[in-house]
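Chemist: mind folding the following:
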Amino acid sequence: MAELRMPSLGADMEHGKVVEWLVKPGDYIHKGDLVAAVDTDKTVMDIESFQEGVVAEFLVDIGDTVDVGTPIARITATPAELPPPPLTSGTISPNARSPLTAKEPTPAHPRGEAAPAGHGAKVPPPVRHLAHTLGVDVGRISGTGTDGEVTRADVERAAAASVTKAPDAPPVAADAPAAPAAAPAAAETHRVRSSPLARRLAAELGVELQAITGTGPGGAVTEEDVLAAVPPRGRAAKERPPEEHGAEKPAEAPPSETQQPEARPVPLAEAPGRKQPTADGGKAESLRQAIGALMSRSKKEIPHYYLSTTLDLAAAMAWMQAANQQRPVSSRLVPSALLLKATAVAAKEVPDMNGFFTKGTFQPSSSVHLGVAVALRHGGLVAPALHDADTLTLEELMVQLRDLVGRARAGRLQRSEMADPTITVTNLGDLGVESVYGVIYPPQVAMVGFGKILEQPWAHNGMLGIRHAAIATLSADHRVSDGLRGGRFLARIDELLQAPEKL
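Modeler: Numbering: from 1, shown residues only. Below is the predicted model of the structure:
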């Protein structure tokens, strides 16, 4: 029996809080399937399974905070390997099964029914997660993709069909033992698509997700939708200390009358002694402390050196403007895409800037996973990775960048996106900052900064004119490289931007 442990989602992560389980005991999961949403001091991230098998049991409740490396769930290779039920007085049938093994894995199909997908079907992790969110059993879907692969469209059609059929389905007389299982199945069919942050906020504010119209992708309920659905009175109650919370008075009761609060179960997030951010300010403060601790460690341990250069962006901006005239508005390029691609290619060619310094030695990375600093709505920032950024076309980089930024601000990042960056880029140009010198994110060995793109006087071939330009900076680790290598790296970025059509 294997154990799923709380993973490290960054160099500064010491503990994490499980805010949502994306699977349930008895579910059959594959490697790479998303199994839980974990809240770190920075953001909420989905974690995936590294084993394939059946979820036997959860070792951590929702809301529990545990250290990195702590087992949070047990996974068995097959249902048959689950522990047998305890012996009791009396005769035990040889076919008796434990409570956990009595429940078939989710993809399994009832006897007598066809199994279009089943355990062997190809279901990519994002599609499997979408099916979980919509309450759809992928084991009952016939895939229309290549080699029978289940696609997003297949899942969405199955979800729409189940919702359409549910009101018209007449009650069917069923055997007594099967009746209790019908209610949970029906409830799963009508699950509301929402983010973990939205679900957690709704639980804290006492808001029913089913009553909210989502404005997110595919009608998903977002954090803003939940806040908009809370009446002013409810928000005021949220801000009061827990001892002042009470049940709402009936509408017909006079304001002067007092009423005893109704007994209600205490949510895990409000349990005594449990550390929790009760407001956005609390979360922002926790995030700020985590960033401060990591940056203090970086400045103490890493001997930084700094370089800067002014990039000539005349050719890059002219090419981008011409290319955008042939594109629809939704797919047009932005200057950041060119800067990121040039940085990724330069990092591949100057490997001293791309890798990790651990256990006293530098380990260069064969891949360029470009960390992109993203500011969060409630303060602070995260730097998730664009994987293999040097191999992406500009169009692919733009699509992935939009997706990454959106998920970072919605709290839907994955473990690999936070743990994999090999070099980080920060860009404060949209805030009017002309230059930024970053602090290296350990165990990385370099950080690149870009400032605002300005029109400024530029002498070229004895002629003075106006050109677009921006200041690029490099913060690098003197244990791994020196000014010569750092200078070549910045010079290579500038050279690549002189031929943007080749990026």
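Chemist: can we go C-alpha only for contacts and neighbour counts from here?
Modeler: OK.
Chemist: Gly206: neighbour count?
Modeler: Neighbour count for Gly206, taken as other Cα atoms under 10 Å: 12.
Chemist: next one: Gly432
Modeler: Gly432 has 11 nearby residues by other Cα under 10 Å.
Chemist: and it, its phi and psi?
Modeler: Torsion angles at Gly432 (phi, psi; degrees, to the nearest 10) stand at phi 90, psi 0.
Chemist: what pLDDT does the closest residue to it other than its chain neighbours get?
Modeler: Leaving aside its sequence neighbours, Gly432 sits nearest to Lys452 (Cα to Cα, 6 or more residues apart in numbering; 5.7 Å). Per-residue pLDDT puts Lys452 at 96.
Chemist: cool, Thr65 as well?
Modeler: With respect to pLDDT, Thr65 scores 89.
Chemist: that one is in contact with Gly16, isn't it?
Modeler: Yes: Thr65 is within contact range of Gly16, at 5.4 Å (criterion: Cα atoms under 8 Å).
Chemist: higher neighbour count, the two?
Modeler: Remark: of Thr65 and Gly16, Gly16 carries more neighbours, 24 against 20, as counted by other Cα under 10 Å.
Chemist: okay, and the beta partners of that one?
Modeler: Taking DSSP bridges as the rule, Gly16 bridges to Val66.
Chemist: distance of it relative to Asp39?
Modeler: According to Cα to Cα, to the nearest Å, Gly16 and Asp39 sit 6 Å apart.
Chemist: quick check: phi and psi on Gln396?
Modeler: Actually, residue 396 is Glu rather than Gln. Main-chain dihedrals, Glu396, degrees, to the nearest 10: phi -70, psi -40.
Chemist: I'd like to know how many residues surround it.
Modeler: Neighbours of Glu396 (other Cα under 10 Å): 12.
Chemist: and if you look at Leu34?
Modeler: For Leu34, using other Cα under 10 Å, the count is 23.
Chemist: and if you look at the one 10 residues further on?
Modeler: A count of nearby residues for Val44, using other Cα under 10 Å, gives 27.
Chemist: ranges for the helices of the stretch 1-150 of the chain?
Modeler: Using DSSP state H, counting those that start in this stretch, the helices found in the stretch 1-150 of the chain span residues 125-134.
Chemist: quick one: name whatever helix or strand follows the helix ranked longest in the chain.
Modeler: Identified as the longest helix of the chain according to DSSP state H is helix 280-301. Next in sequence after helix 280-301, counting helices and strands by DSSP states H and E, comes strand 304-312.
Chemist: adjacent strands (with direction) for that next one?
Modeler: In the sheet, strand 304-312 lines up against strand 463-477 (antiparallel) (DSSP bridges).
Chemist: list the buried residues in the strand it pairs with.
Modeler: Residues of strand 463-477 classed as buried by neighbour count (16 or more other Cα atoms under 10 Å): 467-477.
Chemist: show me which of the residues you listed is closest to Pro7.
Modeler: Asp477 (26.9 Å; Cα to Cα).
Chemist: tell me the pLDDT of Pro124.
Modeler: 70.
Chemist: quick check: Asp154 vs Arg140, distance?
Modeler: 11 Å.
Chemist: over to Ser475?
Modeler: From Ser475 to Arg140 the distance is 53 Å (Cα to Cα).
Chemist: and for Lys300?
Modeler: 56 Å.
Chemist: between those two, which one's more packed in?
Modeler: Arg140 (18 against 10).
Chemist: how far away is that one from Arg157?
Modeler: 12 Å.
Chemist: circling back: buried ones in the longest helix of the chain?
Modeler: Per 16+ other Cα under 10 Å, helix 280-301 contains these buried residues: 283-288, 290-291, 294-295, 298.
Chemist: stretch 400-411 too?
Modeler: 400-401, 404-405, 407-411.
Chemist: restricted to helices, list those.
Modeler: Using DSSP H, 400-401, 404-405, 407-410 are the members of the buried residues of stretch 400-411 that sit in helices.
Chemist: contacting residues around Thr473?
Modeler: Residues near Thr473 by Cα atoms under 8 Å, 6 or more residues apart in numbering: 306-309, 435-437, 448-450, 490.
Chemist: the longest helix of the chain vs strand 304-312, what angle?
Modeler: Counting by axes from the mean of the first three to the mean of the last three Cα atoms, to 10 degrees, helix 280-301 points 110 degrees away from the direction of strand 304-312.
Chemist: which element follows the helix or strand of the chain with the lowest mean pLDDT toward the C-terminus?
Modeler: Lowest by mean pLDDT, DSSP states H and E among the helices and strands of the chain is helix 179-189, with a mean of 42. Using DSSP H and E, the helix or strand that directly follows helix 179-189 along the chain is helix 196-205.
Chemist: can I get that following helix in CSV, CA atoms only?
Modeler: Below are the C-alpha coordinates for helix 196-205, written out as CSV (Å, rounded to 0.1, in the frame of the first residue of the first chain):
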residue,chain,number,x,y,z
PRO,A,196,-11.5,25.6,-4.4
LEU,A,197,-11.1,29.2,-3.2
ALA,A,198,-14.7,29.9,-4.2
ARG,A,199,-16.0,26.8,-2.4
ARG,A,200,-14.0,27.6,0.7
LEU,A,201,-15.3,31.2,0.8
ALA,A,202,-18.8,30.0,0.2
ALA,A,203,-18.6,27.6,3.1
GLU,A,204,-17.3,30.4,5.4
LEU,A,205,-19.9,32.8,4.4
